[in-house]
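Q: Output the structure for:
(chains A and B)
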2 protein chains.
Amino acid sequence: MATATPSSPTESRAQPRLLTGDRPTGPLHLGHLVGSLENRVALQHDHECFIIVADLHTLTTRPRRDQIEALPGFVRSIVLDQLAVGIDPQRATFYLQSGVPAVYDLAILLQMLVPKTRLEQIGSLRSMARAAALPDDAMTMGLLGYPVLQAADILMARASVVPVGADNEEHIAIARECASVFNELYGELFPLPQARTTRSSALPGVELGPVGSGAKMSKSLGNAVYLDDDAATVASKIRTLGFDDVDRRNEHDAAIVSFARAFLGDDEAAGLGRGLRSGSTSVAAAHDAIIAAVETRLAPIRARRRELEAQTGLVDEILVDGTIRAREVANGTLARVRETMGLEPLWSGLVAATEARAKARRKPY
Amino acid sequence: MATATPSSPTESRAQPRLLTGDRPTGPLHLGHLVGSLENRVALQHDHECFIIVADLHTLTTRPRRDQIEALPGFVRSIVLDQLAVGIDPQRATFYLQSGVPAVYDLAILLQMLVPKTRLEQIGSLRSMARAAALPDDAMTMGLLGYPVLQAADILMARASVVPVGADNEEHIAIARECASVFNELYGELFPLPQARTTRSSALPGVELGPVGSGAKMSKSLGNAVYLDDDAATVASKIRTLGFDDVDRRNEHDAAIVSFARAFLGDDEAAGLGRGLRSGSTSVAAAHDAIIAAVETRLAPIRARRRELEAQTGLVDEILVDGTIRAREVANGTLARVRETMGLEPLWSGLVAATEARAKARRKPY
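A: Sure, this is the predicted structure:
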C-alpha cells in the first residue's frame, strides 16, 4: 500500500522496467479498475514501474484553453485513484508528461525515422478523432504523431514492458519499430518494448448516456461508474443494467452478465446468466449480488482515498518527486541518444573549442 | 564587418526581428551570395538578425550516421562563409538549431494546431524528398513536419521578418497560420511573420554535373561555384558556360547571360547577350568579363575568410555565444507559450503545493 511519505524507488533497479498510464481526461472508473489498475497493482511487485500522466497526449484531441484548464483537477484525481487502488509510490514513479522536456526532443528525433504512411494505417487514431468529434480532414499533425510521442515516452524510460488495451497495441508496434530503426541506423541503444495486452474484454458501461446497452464503459459516453462515486451512486448506476428479451436470445453476455463476470467470477456469472434466462433469478437479485461484489472492491479503495485526500499536498508531492526522477532518467537517455546519433559531438565539440580559445586568451569563459 | 571578439548584440532591440538561415548540407556558393547573403548583409543594419544553422532540418532528409558526421564541418563552413561575406556577429546572432531545446517543445505544441492535410498540400516537401532520392511513400513524419519545425524556429524568436526564396514562401505561410491559430486559441502572443521573398531569379549552375545547362545552382547537382573556391577553380568553372545555337534562338537568358546579369548588371548583360547572338562578342570574351566581375566580389570575401580562419576557434565561439543567446530567447518564449496555454500553471501549481507541504512539515524541499 502507499505510504504517506514518498521517496525514490531503490530496490527495483534490476527488475524489468514497465511504462503505463492514462490521459488525464477525467477520473478513473470501474472499467479502468478491472482492465488495467488491478493489473498494475500486481505488476508493481516484479517491475520497476513508470506511470505517466499523459497531459500532452490530451492536447492531440483537446487543445482548447478551457480543456487545458480542466487538466490540474484530472491530473490529481488520476494519481489519487491509483494510490487508492494500491499502487505504491515507493515502488512506482508517477510523473507528469509535460514536465519532462527531453520527451519533446526525443519525439522530434524519432519523427525523422517513421514513414507518414505507416502512421496513416493506424485505425485507433481515426477512432480517437471521431471520439473527439473531429472530422477526418481535421486530423492534426499532432494526432498523427500521437504514437511517435508515445514511443518517446516509452523509449525515454527504456521500458521493455508496456501493459495496454488491445486498441493501443499498434502504438506499441510503432514504438518497437522506432527502437529497432534507431538501433539499426545509429547503434544498439533501446530495448524493444513489448505490449502486454490485458486478457479480459472491456467492461461495458451502465445504461446511462446516449448510446444505450453494450458500449464499452467510457467517461466520454457518460456511462461510467467512477472509483470515487459513493455507495448509493454506484448502486443506482448498476441498477440501470437491464435484461430483456434481446439479451435472453443473444449468444454473447448481456452487460449485466459481463459485470457479474468481472466482479463475481466466471462460474457465478454463468450461473447468474442461466438464472436470468430461465427467470429463476430476478434482475433485482442480480443487481444486489453485483452491487455487493463491487462494494467489496470499492469500499477499501474509497476509504484509502479519503485517508490520502486528508494528507494535503501528498499527491502533488508524489507527482513532483516522480517527475523529477523521470526527468533524470529522460535526460540520461537523451544524452545517450544524442551521443549515439552523433549530435552531441557536434555541440560539445563547439563548446570544447570555445573553452580552449578562452583558455588560450586567458579569459574565463 | 565582423570583428574578432564577438559580444552579445545590444543596440538593435528596437529593430524588427528577422530570422533566416540555411541547412548545413555543404559550403555556400555564388547562388547563395546573390540570392540571399548580400541581402542579409544589407538587412542587418536595420533588423535584429537571428541566423539559424538548421542542423535538425538536415535530419528530415539526411538522418544517417555518416550524414550526421559530416555536420560539424558544414556547420563551421556555413558560419565562416557568412562572416566572410560581411555579416557582423555583433549585430547578428548565429546559432545552432539543435542546441536550443525549447524549439523541440514548441514544435510539438504547434503540431497540435496544424491539420495534416494542410501540410500535404506543400509541394516543396515532395521536391525535397525527390532531391534526397526518397520515394514518395518513404516521406517521414519528420519531413511532413518540416514547416512546423521551421515555424517553431521563427516563432521562438518572435521574428516578424523572414527572408526566403520563393520555394520557401509556403513554409512561412504555415508559420503565420501557427501564430494566428495560437493567438486565437490561447491569447495574443506571436507577431505574424512575413516572408520577404528575394526579387532576383535563382542563379543557374555552371555546366558541370549530370543535369546540363539551365538548372539552378545547387551543391547537390554538382554545378556550384563555392565561395571558398580559389580563383583558378572559379575561372575554370565559369568557362564551362557555353552559348550555342539553342541559346541563340531562345527568348530567355542563357546561363552565361544570367551570370552576366548577376555580376555585371542588367545593362551590361543585355549588351553582352546581343553581342553573343550577333557574334560580335566571343564566348571567351564573355567569360573573361564575368570572371573579372565575380573575382571583384569574391577576392575580398576570400581574403576575409583567410583572416577569420587564422583566428582558431573564432567561429566556434561565435556559434556557442549565439546559441546561448538563442536559448535564452527561446526559453523566454517557451515560458510565455506555456503560461498562455495554461500548461505552466499546472506544473508550477504542483510545485508550489509541494513546497507549501514541505514548509508545513518544516523540512527543506
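Q: going forward, measure contacts between C-alpha atoms and count neighbours the same way
A: OK.
Q: Measure how buried A:Asp245 is and give me the count.
A: Burial of A:Asp245 is recorded as 8 neighbouring residues (other Cα atoms under 10 Å in any protein chain shown).
Q: meant to ask about A:Thr197
A: 16.
Q: List the contacts of it.
A: For A:Thr197, the contacting residues are A:Pro163, A:Val164, A:Gly165, A:Ala166, A:Glu169, by Cα atoms under 8 Å, 6 or more residues apart in numbering or on different chains.
Q: mind checking how far the third one is from A:Val85?
A: By that I understand A:Gly165. 19 Å (Cα to Cα, to the nearest Å).
Q: So for those two, which sits in the more crowded spot?
A: Between A:Gly165 and A:Val85, counting by other Cα under 10 Å, A:Val85 is the more crowded of the two (24 against 17).
Q: can you pull out the strands in chain A?
A: For chain A, the strands defined by DSSP state E cover A:17-22, A:48-53, A:93-96, A:161-164, A:194-197.
Q: Quick one: distance of the last one to the chain centre.
A: When C-alpha coordinates are averaged (Cα atoms, centre = their mean, to the nearest Å), strand A:194-197 and its chain have centres 13 Å apart.
Q: Can you lay out the strands of chain A as CSV showing mean pLDDT?
A: Formatted as CSV, the strands of chain A follow (pLDDT from 0 to 100):
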stretch, mean pLDDT
strand A:17-22, 96
strand A:48-53, 97
strand A:93-96, 96
strand A:161-164, 94
strand A:194-197, 91
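Q: Columns distance to B:Ala326 on top of those strands, output as TSV?
A: Compiled in TSV, the strands of chain A are given as follows (distance: least, Cα to Cα, whole Å):
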stretch	distance to B:Ala326
strand A:17-22	34
strand A:48-53	31
strand A:93-96	27
strand A:161-164	38
strand A:194-197	40
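Q: ok, so of the contacts of A:Thr197, who is nearest B:Arg338?
A: Comparing the contacts of A:Thr197 against B:Arg338 with Cα to Cα places A:Val164 closest, at 29.7 Å.
Q: Contacts only, for the closest one.
A: Going by Cα under 8 Å, 6+ apart, A:Val164 touches A:Thr20, A:Ser36, A:Ala195, A:Arg196, A:Thr197, A:Thr198.
Q: Can you tell me the closest non-neighbouring residue to the last one?
A: Spatial nearest neighbour of A:Thr198, excluding adjacent residues (Cα to Cα, 6 or more residues apart in numbering or on different chains): A:Gly165 at 5.8 Å.
Q: what's the answer for the second one, then?
A: Excluding its sequence neighbours, the residue lying closest to A:Ser36 (Cα to Cα, 6+ apart) is A:Thr198, at 7.2 Å.
Q: Look at that neighbour and say how many residues are nearby.
A: 15.
Q: Surely it and A:Pro163 touch.
A: Yes: the criterion here is Cα atoms under 8 Å, and A:Thr198 meets it with A:Pro163 at 7.1 Å.
Q: Relative to A:Cys178, how far out is A:Gly123?
A: Counting by Cα to Cα, the gap from A:Gly123 to A:Cys178 is 19 Å.
Q: Compare these two (neighbour count), which wins?
A: More crowded of A:Gly123 and A:Cys178, by other Cα under 10 Å: A:Cys178, with 23 against 12.
Q: Could you pull up the contacting residues of that one?
A: So A:Cys178 contacts A:Leu110, A:Leu113, A:Val114, A:Ala151 (Cα under 8 Å, 6+ apart).
Q: switch the cut-off to 10 Å
A: A:110-114, A:148, A:151-152, A:155, A:172, A:184, A:190, A:192 (Cα atoms under 10 Å, 6 or more residues apart in numbering or on different chains).
Q: same check, this time on A:Ala202
A: A:Gly31, A:His32, A:Val34, A:Gly35, A:Gly165, A:Ala166, A:Ala215, A:Lys216, A:Met217, A:Ser258, A:Ala262.
Q: can you give me phi and psi for it?
A: phi -60, psi 140 (degrees, to the nearest 10).
Q: Which positions in the stretch 101-250 of chain A make contact with chain B?
A: Residues of the stretch 101-250 of chain A lying close to chain B (Cα under 10 Å from any Cα of the partner chain) are A:101-119, A:136-146, A:148-149, A:182, A:185-187.
Q: And those residues, which of them are buried?
A: By neighbour count, with 16 or more other Cα atoms under 10 Å in any protein chain shown, these hold A:101-116, A:119, A:138-146, A:148-149, A:182, A:186 as buried.
Q: Among these, which lie within helices?
A: Of the positions in those, A:102-111, A:116, A:119, A:141-144, A:146, A:148-149, A:182, A:186 sit in helices, assigned by DSSP state H.
Q: number of nearby residues for the closest residue to A:Arg76 other than its chain neighbours?
A: Nearest in space to A:Arg76, with sequence neighbours left out and distances taken as Cα to Cα, 6+ apart, is A:Val315 at 6.6 Å. Look at A:Val315: counted by other Cα under 10 Å, it has 26 neighbours.
Q: and A:Val315, how far is that from A:Leu80?
A: In this view, A:Val315 and A:Leu80 are 7 Å apart by Cα to Cα.
Q: Repeat that for A:Ala231.
A: Noted for A:Ala231: a distance of 18 Å to A:Leu80, by Cα to Cα.
Q: Closest to chain B out of the contacts of A:Val164?
A: A:Thr20 (20.4 Å; Cα to the nearest Cα).
Q: who are the neighbours in contact with the residue lying closest to the closest one once chain neighbours are set aside?
A: Nearest in space to A:Thr20, with sequence neighbours left out and distances taken as Cα to Cα, 6+ apart, is A:Ile51 at 5.1 Å. Neighbouring residues of A:Ile51 by Cα under 10 Å, 6+ apart: A:18-22, A:40, A:79, A:82, A:87, A:89, A:92-97, A:322, A:326.
Q: contacting residues around the nearest residue to A:Leu189 once chain neighbours are set aside?
A: Excluding its sequence neighbours, the residue lying closest to A:Leu189 (Cα to Cα, 6+ apart) is A:Asn183, at 5.8 Å. For A:Asn183, the contact set (Cα under 10 Å, 6+ apart) comprises A:Glu177, A:Leu189, A:Phe190, A:Pro191, A:Leu192, A:Thr340, A:Met341.
Q: picking up where we left off before, does the residue nearest to A:Ser36 touch A:Gly31 like I think?
A: No: applying Cα atoms under 10 Å as the test, A:Thr198 and A:Gly31 come out as separate, 12.0 Å apart.
Q: rewinding a little: which among the contacts of A:Cys178 gets closest to B:Val351?
A: B:Val351 has its nearest neighbour among those in A:Ala152, at 24.3 Å by Cα to Cα.
Q: nearest residue to the closest one other than its sequence neighbours?
A: That would be A:Ala107: by Cα to Cα, 6+ apart, it lies 5.1 Å from A:Ala152.
Q: Hmm, the one you found is touching A:Gly145, no?
A: Yes: using Cα under 10 Å, A:Ala107 is in contact with A:Gly145, at 8.6 Å.
Q: Name the residues contacting each of these two.
A: With Cα under 10 Å, 6+ apart as the test, A:Ala107 and A:Gly145 both reach A:Ala151, B:Ile108, B:Gly142.
Q: out of the residues you listed, who's nearest B:Asn331?
A: Distance to B:Asn331 across the shared contacts of A:Ala107 and A:Gly145 (Cα to Cα) is lowest for B:Ile108, with 14.9 Å.
Q: Spatially, which residue comes closest to that closest one, not counting chain neighbours?
A: Per Cα to Cα, 6+ apart, closest to B:Ile108 is A:Tyr104, 6.5 Å.
Q: any idea how far B:Leu110 is from that neighbour?
A: Taking Cα to Cα, one finds A:Tyr104 at 12 Å from B:Leu110.
Q: can you check A:Asp81 too?
A: A:Asp81 sits 31 Å away from B:Leu110 when distances are taken as Cα to Cα.
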